[in-house]
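In: Take a look and give me a structure for this.
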Amino acid sequence: SGKMHVQSDSKDGHKAEKAKEESSLDPDKYLEHLLIDGSQEGDSGEDLELPPWFDEQLFRRGQNYFCEYRFVMNAGMLAGLIAVLAVPSILRVLSCTRQSSTAFTAYRRYVRTIFHTQAWYNNDISDRSGRFWTSIAAVRRAHSRSSHACSRRGAGQITQKDLALTQFGFIGFITMGAHRIQLYDEDFLEATSHMWRVLGHLLGIKDEYNICGRNWAESKPRLDIVMRKVYEPALENTSKDFYQITAALINGLWHINTMLSVDANIFFTKRLACVKGYEYYSFDHSNGVARDPQQKLHYYDMGWWDRFVVSYGLFIVTYLHRYAVVRWYLNFRVWLVDVLTYYLPYMAIWKFGFKSAYVRIFRSGGEAQDFAMGLKDD
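Out: Below is the predicted model:
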């Protein structure tokens, strides 16, 4: 009798594991699980340790690709940050922490975000006392503090759903939109998705909710369904709050890149998310949806400067970025902006003052600089 009971339990456990496995492979089931169950769970609670499936060589290749595609990866992440602001639960937390509501607070918050992302790409993951791990621990602590504080104030906690949707912001558009810039490097997609799977794990995302799967073949349908069923409708129906906080983001970052423009960057983002009316080239309709001749094209709603930024930017990344010399020039420009942002943020000094313009995520001894939160009362 005892043996029969053990076998039955074993068989049931095997069935549950098989069902979970099928769910992880089915993008529709993944999305349903993320949006329903993921909205009820906070940080994974896992220790800050590398997962058993970590592949060091693949991770390092993911880091190295940042040097090769720095310009387009930065552009993709900026569009992702804007898209994330269209998710109501994330927007509530950002509003609660009051770190993104003005050009000044957004400048300091998003320059910190840029520096942390650079720390993950540029530092050795094998050095446990190095800046990679210091940065990861600092960001995870900041998420925990923000989550608890905003939950107490009725804005809700940071959930697994929020973390995974934010993860899309960092990887979604550069991978799902790679074909738009004629980037057909399969190893880039494989290595980048693995790197962000590892980063997601370290930042508190459970494997079952991680938008990056075991390989690119598993990651691609997850990213695709999240883009089509979460971000496309969210960006199609944006709120006044979305526009205000996006304007603060772009107006803040304008002090490190004066080519940034609110309407142009919103256009870039909505185009990448395949929102109707934000197409620019004829191949923007190659996602299987036929062009509606009655559809209004929002490109013509913008002013002349925004139209110029859109036309100039899309021409460069679509037709010129494929050439190594152009990539080198564009990547050098981004590198130069990063150096000036760190050592001499002259536009921010002019606008915000000398002391406020300088942003640091590490202290002189290598420890993490604490995040300052100006929490909004009820």
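In: now stretch 360-369, how far from the chain's geometric center?
Out: 24 Å (C-alpha atoms, centre = their mean, to the nearest Å).
In: Now tell me what touches that stretch from outside.
Out: The contact list for stretch 360-369, computed with C-beta atoms under 8 Å, 6 or more residues apart in numbering, reads 112, 115-116, 119, 131, 134-135, 137-138, 141. Placement of C-beta: from N, CA and C, glycine included.
In: hmm, try it at 6 Å
Out: 112, 115-116, 134, 138 (C-beta atoms under 6 Å, 6 or more residues apart in numbering).
In: where in the stretch 51-200 of the chain is pLDDT low?
Out: 98-99 (pLDDT under 70).
In: let's see it at 90
Out: 88-101, 142-158, 179, 182 (pLDDT under 90).
In: What of the stretch 251-378 of the chain?
Out: For the stretch 251-378 of the chain (pLDDT under 90), the answer is 281-297, 363-378.
In: try it again with 50
Out: 375-378 (pLDDT under 50).
In: Where do the strands of the chain begin and end?
Out: Using DSSP state E, the chain contains no strands.
In: OK, contacts around the residue nearest to residue 82 when sequence neighbours are not counted?
Out: What sits nearest to residue 82 in space, not counting adjacent residues and going by C-beta to C-beta, 6 or more residues apart in numbering, is residue 269, at 4.4 Å. Shown in contact with residue 269 (C-beta under 6 Å, 6+ apart): 79, 82-83.
In: Filter these down to the ones in helices?
Out: Using DSSP state H, the members of the contacts of residue 269 that fall in helices are 79, 82-83.
In: Which member of the contacts of stretch 360-369 is positioned nearest residue 225?
Out: residue 116 (27.7 Å; C-beta to C-beta).
In: is it true that the closest one touches residue 137?
Out: No. Residue 116 is beyond contact range of residue 137, at 11.0 Å (criterion: C-beta atoms under 6 Å).
In: want to throw the ones in helices among the contacts of residue 269 into JSON lines with distance to residue 335?
Out: Formatted as JSON lines, the ones in helices among the contacts of residue 269 follow (distance: C-beta to C-beta, whole Å):
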{"residue": "79", "distance to residue 335": "20"}
{"residue": "82", "distance to residue 335": "23"}
{"residue": "83", "distance to residue 335": "25"}
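In: Next, format those residues as TSV and append neighbour count and distance to residue 154.
Out: As requested, those are exported to TSV (neighbours: other C-beta atoms under 10 Å; distance: C-beta to C-beta, whole Å):
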residue	neighbour count	distance to residue 154
79	24	30
82	26	26
83	29	25
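In: So what's the residue count around the closest residue in space to residue 171 that isn't next to it in sequence?
Out: Excluding the flanking residues, the one nearest residue 171 by C-beta to C-beta, 6+ apart is residue 196, at 4.5 Å. Look at residue 196: counted by other C-beta atoms under 10 Å, it has 25 neighbours.
In: so how far is residue 243 from residue 196?
Out: Using C-beta to C-beta, to the nearest Å, residue 196 is found at 28 Å from residue 243.
In: residues in contact with stretch 251-259?
Out: Applying C-beta under 6 Å, 6+ apart, the contact partners of stretch 251-259 are 103, 106-107, 110, 260, 337, 341, 347-348, 351.
In: Try it again at 10 Å.
Out: Residues outside stretch 251-259 that contact it (C-beta atoms under 10 Å, 6 or more residues apart in numbering): 74, 78, 81, 100, 102-111, 114, 250, 260-262, 265, 309, 312-313, 333-334, 337-338, 340-342, 345-352, 357, 359.
In: Just the buried ones among the residues you listed, please.
Out: Taking 16 or more other C-beta atoms under 10 Å as the criterion, what is buried in the contacts of stretch 251-259 is 74, 78, 81, 100, 102-111, 114, 250, 260-262, 265, 309, 313, 334, 337-338, 341-342, 345, 347-348, 351-352, 357, 359.
In: In helices, which of those residues fall?
Out: In helices, judged by DSSP H, the following of the buried ones among the contacts of stretch 251-259 are found: 74, 78, 81, 103-111, 114, 250, 262, 265, 309, 313, 334, 337-338, 341-342, 347-348, 351-352, 357.
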